[in-house]
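S.K.: I'd like to go over a predicted model; first the sequence, then the structure.
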Protein chains: 2
Amino acid sequence: MGQPLADDLGFLLSRASGLVVRATNTALAEHGLRVRQYSVLVLACESDDGSTQRELAAALGLDPSQVVLLVDELETGGLVERRPDPADRRTRLVVATAAGWRVREAAGAAADAAVETPLALLGEAERERLRDMLTRIWSAAAPG
Amino acid sequence: MGQPLADDLGFLLSRASGLVVRATNTALAEHGLRVRQYSVLVLACESDDGSTQRELAAALGLDPSQVVLLVDELETGGLVERRPDPADRRTRLVVATAAGWRVREAAGAAADAAVETPLALLGEAERERLRDMLTRIWSAAAPG
DNA sequence: CTCCATCGTTGACAACCTCCACGATACCGC
DNA sequence: GCGGTATCGTGGAGGTTGTCAACGATGGAG
């Protein structure tokens, strides 16, 4: 990390991230979700035939043991269910329920609105550029 | 948070942040520091006449109660000291010691090297642009 | 002098991260 | 088939972080 802390990308990254996560968390609280749970729910909605918990962990950058609890909570809330994988009896496929889809939609809107404040100074072109850079940071260090 | 999770800036931000923080943490471990402590140390080095813990908390985006422990640990390690503020007996000015400067320099080099991997795909011009955007995200929501 | 704001500090509690271990299952070489 | 090895989900331990509410001490305004 170079000279002024204000120029350190790692620091700026984590500070901005903390800010956005905090805003999102309070917005999601009305829907009974935290960001992590919401992320899992969204991923579950995205794959029609379900996702392995290992896949979820890899996509989220989390330890698989964390995903267990998140899916537990979502399953308890009836937003997601674990189905047996017909091709591999070790894995459980996580799929969103109808209720999960509804909550995901409402929570997504709330989260979008909440993030609008911190991102207010960025135009759509810049956001796209930011997305691209953040994705490349991930791909530069992730094994896939 | 819009449709695909991979396009969600909040998610991308926290995932990239986690990645970089993890890499930095392991690099700083050799110097007996964690990122948070390192951040405080750098800020302490930046201000000649010392910083209030409240100022540190605001700059870092942390709760003041967290700063207490971080400064405690740095002080125990002899990297930083709390001086009485001649102008205000409530506050304690945090300043880096000579040892603190040395460790900051070595740790900074290690951290720089560690972050190089995840940032490998970004050129210097892009990094500058990223810095600018992250700073604007912060300033859009921070009360200062 | 009184009332109120601010500073550092402490404590409690939840969330998160990291790592290790286990049983169950799959896969590969033979 | 069979045996060794790898992978999956899960659980637990221990440390770090985030959030919030208090407290005593001090400063500042009226």
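M.R.: That came in fine, so what should we check first? None of these values were measured; they are calculated from a predicted model.

S.K.: ok, the helix or strand in which A:Arg15 is found near chain B or not?
M.R.: Using DSSP states H and E, A:Arg15 maps to helix A:9-29. Yes - counting by C-beta under 8 Å from any C-beta of the partner chain, chain B has neighbours in helix A:9-29: A:9-21, A:23-24. The C-beta positions use only the backbone N, C-alpha and C, and glycine is treated the same way.

S.K.: against which helices or strands is the next helix or strand after that helix packed?
M.R.: Counting by DSSP H and E, the next helix or strand C-terminal to helix A:9-29 is helix A:35-46. Applying 3 or more C-beta pairs under 8 Å, 6 or more residues apart in numbering or on different chains; DSSP states H and E, one finds that helix A:35-46 makes contact with helix A:9-29, helix A:53-60, helix A:64-76, strand A:80-85, strand A:88-96, helix A:98-116, helix B:9-29.

S.K.: what does chain A put close to DNA strand C?
M.R.: Chain A comes close to DNA strand C at residues A:Arg34, A:Val35, A:Arg36, A:Leu62, A:Asp63, A:Ser65, A:Gln66, A:Asp88, A:Arg89, A:Arg90, as judged by C-beta under 7 Å from any atom of the strand.

S.K.: just the buried residues of the residues you listed.
M.R.: A:Val35, A:Arg36, A:Leu62 (16 or more other C-beta atoms under 10 Å in any protein chain shown).

S.K.: and which of these is nearest DNA strand C?
M.R.: Within those, proximity to DNA strand C (C-beta to the nearest atom of the strand) peaks at A:Arg36, which comes in at 4.2 Å.

S.K.: separation between the closest residue to that closest one other than its chain neighbours and B:Ala140?
M.R.: In this structure, A:Arg36 finds its nearest non-sequential neighbour in A:Leu70, 5.6 Å apart by C-beta to C-beta, 6 or more residues apart in numbering or on different chains. Going from A:Leu70 to B:Ala140 by C-beta to C-beta, to the nearest Å gives 29 Å.

S.K.: need the contact list for the residue most central in space within chain A.
M.R.: By C-alpha atoms, centre = their mean, chain A has its centre lying nearest to A:Ser39, at 2.9 Å. Contacts for A:Ser39 (C-beta atoms under 8 Å, 6 or more residues apart in numbering or on different chains) come out as A:Leu60, B:Leu5, B:Phe11.

S.K.: measure A:Arg54 to A:Cys45 for me?
M.R.: 18 Å.

S.K.: those two: which is more packed in?
M.R.: A:Cys45 (22 against 12; other C-beta atoms under 10 Å in any protein chain shown).

S.K.: neighbour count: A:Leu70 and B:Ala140, which is higher?
M.R.: Taking other C-beta under 10 Å, A:Leu70 and B:Ala140 do not tie; A:Leu70 has more neighbours (23 against 16).

S.K.: ok, A:Asp49 touching A:Ala87?
M.R.: No - under the criterion of C-beta atoms under 8 Å, A:Asp49 makes no contact with A:Ala87, lying 10.3 Å away.

S.K.: before we move on, back to that, ok, is the helix holding A:Arg15 in contact with DNA strand D or not?
M.R.: Yes - judged by C-beta under 7 Å from any atom of the strand, helix A:9-29 and DNA strand D are in contact via A:Gly18, A:Arg22, A:Asn25.

S.K.: quick one: distance of stretch A:9-25 to the chain centre.
M.R.: 14 Å (C-alpha atoms, centre = their mean, to the nearest Å).

S.K.: and that stretch, what's its mean pLDDT?
M.R.: For stretch A:9-25, mean pLDDT rounds to 97.

S.K.: could I get stretch A:50-66 in PDB with only the CA atoms?
M.R.: Coordinates of each C-alpha in stretch A:50-66 appear next as PDB, following Å, rounded to 0.1, in the frame of the first residue of the first chain:
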ATOM      1  CA  GLY A  50     -30.500 -25.500  -9.000                       C
ATOM      2  CA  SER A  51     -27.000 -24.800  -7.800                       C
ATOM      3  CA  THR A  52     -24.700 -26.900  -5.800                       C
ATOM      4  CA  GLN A  53     -23.700 -25.300  -2.500                       C
ATOM      5  CA  ARG A  54     -20.100 -25.600  -3.700                       C
ATOM      6  CA  GLU A  55     -21.000 -23.600  -6.700                       C
ATOM      7  CA  LEU A  56     -22.700 -21.000  -4.600                       C
ATOM      8  CA  ALA A  57     -19.700 -20.700  -2.400                       C
ATOM      9  CA  ALA A  58     -17.300 -20.300  -5.300                       C
ATOM     10  CA  ALA A  59     -19.500 -17.700  -7.000                       C
ATOM     11  CA  LEU A  60     -19.800 -15.700  -3.700                       C
ATOM     12  CA  GLY A  61     -16.200 -16.000  -2.700                       C
ATOM     13  CA  LEU A  62     -17.200 -17.700   0.600                       C
ATOM     14  CA  ASP A  63     -16.200 -20.700   2.500                       C
ATOM     15  CA  PRO A  64     -18.600 -23.600   1.800                       C
ATOM     16  CA  SER A  65     -19.400 -23.900   5.600                       C
ATOM     17  CA  GLN A  66     -20.800 -20.400   5.500                       C
END
